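Chemist: give me coordinates for this.
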Amino acid sequence: MSPISFYTGAVVHRRYGAAAHKLRYRIAYVLLDLDQLKDANKVSRLFGIERSGLLNFRAKDHGGGTSTDLASWIRDYLIAEGVTDEASRIELLTLPRMFGYVFNPISVYFIYDHSGALHHILYQVTNTFSERHFYLCRADQAGPIIDQTSEKRLYVSPFFDVEGAYRFKVQPPTETVALTIRYDLASGDKGLTATLTGSRQPVTTWRSARLLMQFPFMTLGVVVGIHWQALKLWLKGAKYRSRSAATKVRNSPGAQP
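Modeler: Residues are numbered from 1 along each chain as shown. Coordinates of the predicted model:
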């Protein structure tokens, strides 16, 4: 596998309940081998690793936001979380910086042992307040689709409390990648689903230029789209929950730890 690949496809969000809503938009992710970033930096003149470029990647956009050695940061995080499996290869699926700007609602780390077996997946969720939370899930199931769950811990949408749970269903990246996140409310009702699908394309200078032409406002459009869709939901009657009010549900007496 190349140390860097594009995955172009689509994201679909569907909200359930009284203010039902659906949106779909085209998108392009990048998959990076975090131990081969120097090699990835040589693949395209238009895609820079830790350097300026129309498309680029910076380690400080991820992890704890302070280290330029993201692979080491992830390995230290895994050790701190009690993971004893060797992290021989770490691949990151994320949005690239475009024209110097990026916002990543979710980035996914695939963690493999020395035999090439996937043993953990780490989901990095970022909200529009630049807050991050990491959901670490063991990948110990056979078959092409991995099914994982984790309690919700971060305020993301202004129309949901910080309660309930996520269910992640993942087809790890090969020639294609697929990720479905289902958010279930504490009541057990389905809150929303978000699905990402993409097909692999090699990163070259020509393909980088083509991606810039196809998705010229992709990263900025993610943030604009979040606020535009929030307005639509509010107009449909969705109940607004401030960050402090939504988080109180998590911290209230009797809430799950």
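
Chemist: where do the strands sit along the chain?
Modeler: 4-15, 21-33, 47-49, 55-57, 89-94, 97-98, 106-112, 118-126, 132-138, 146-151, 165-171, 176-184, 190-202 (DSSP state E).

Chemist: need the ones you listed in CSV (columns: mean pLDDT, distance to residue 213 and mean neighbour count).
Modeler: The way it works is simple: take the backbone N, C-alpha and C, and place the C-beta from them, glycine included. Formatted as CSV, those follow (pLDDT from 0 to 100; distance: least, Cβ to Cβ, whole Å; neighbours: other Cβ atoms under 10 Å):
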stretch, mean pLDDT, distance to residue 213, mean neighbour count
strand 4-15, 92, 12, 19
strand 21-33, 89, 11, 18
strand 47-49, 95, 14, 22
strand 55-57, 93, 12, 23
strand 89-94, 98, 21, 21
strand 97-98, 88, 12, 22
strand 106-112, 96, 24, 22
strand 118-126, 96, 27, 20
strand 132-138, 95, 31, 17
strand 146-151, 95, 34, 16
strand 165-171, 96, 28, 18
strand 176-184, 96, 23, 18
strand 190-202, 93, 14, 17
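
Chemist: as JSON lines, those strands with distance to residue 76 would be great.
Modeler: Listed next are the strands of the chain as JSON lines, based on distance: least, Cβ to Cβ, whole Å:
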{"stretch": "strand 4-15", "distance to residue 76": "23"}
{"stretch": "strand 21-33", "distance to residue 76": "18"}
{"stretch": "strand 47-49", "distance to residue 76": "21"}
{"stretch": "strand 55-57", "distance to residue 76": "20"}
{"stretch": "strand 89-94", "distance to residue 76": "12"}
{"stretch": "strand 97-98", "distance to residue 76": "24"}
{"stretch": "strand 106-112", "distance to residue 76": "13"}
{"stretch": "strand 118-126", "distance to residue 76": "12"}
{"stretch": "strand 132-138", "distance to residue 76": "12"}
{"stretch": "strand 146-151", "distance to residue 76": "21"}
{"stretch": "strand 165-171", "distance to residue 76": "23"}
{"stretch": "strand 176-184", "distance to residue 76": "25"}
{"stretch": "strand 190-202", "distance to residue 76": "27"}
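
Chemist: closest to residue 69 out of the ones you listed?
Modeler: Of all the strands of the chain, it is strand 89-94 that lies closest to residue 69, at 11.5 Å by Cβ to Cβ.

Chemist: can you list contacts of the closest one?
Modeler: Residues from elsewhere that reach strand 89-94 (Cβ atoms under 8 Å, 6 or more residues apart in numbering): 7, 29-35, 57, 62, 70-71, 74-75, 104, 107-112, 116, 173, 177.

Chemist: could I get it in PDB with only the CA atoms?
Modeler: This file holds the C-alpha atoms of strand 89-94, laid out as PDB (Å, rounded to 0.1, in the frame of the first residue of the first chain):
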ATOM      1  CA  ARG A  89       1.200   0.300  11.900                       C
ATOM      2  CA  ILE A  90      -1.100   3.200  12.400                       C
ATOM      3  CA  GLU A  91      -3.200   4.500   9.500                       C
ATOM      4  CA  LEU A  92      -5.200   7.800   9.800                       C
ATOM      5  CA  LEU A  93      -8.300   8.500   7.700                       C
ATOM      6  CA  THR A  94      -9.000  12.200   7.800                       C
END
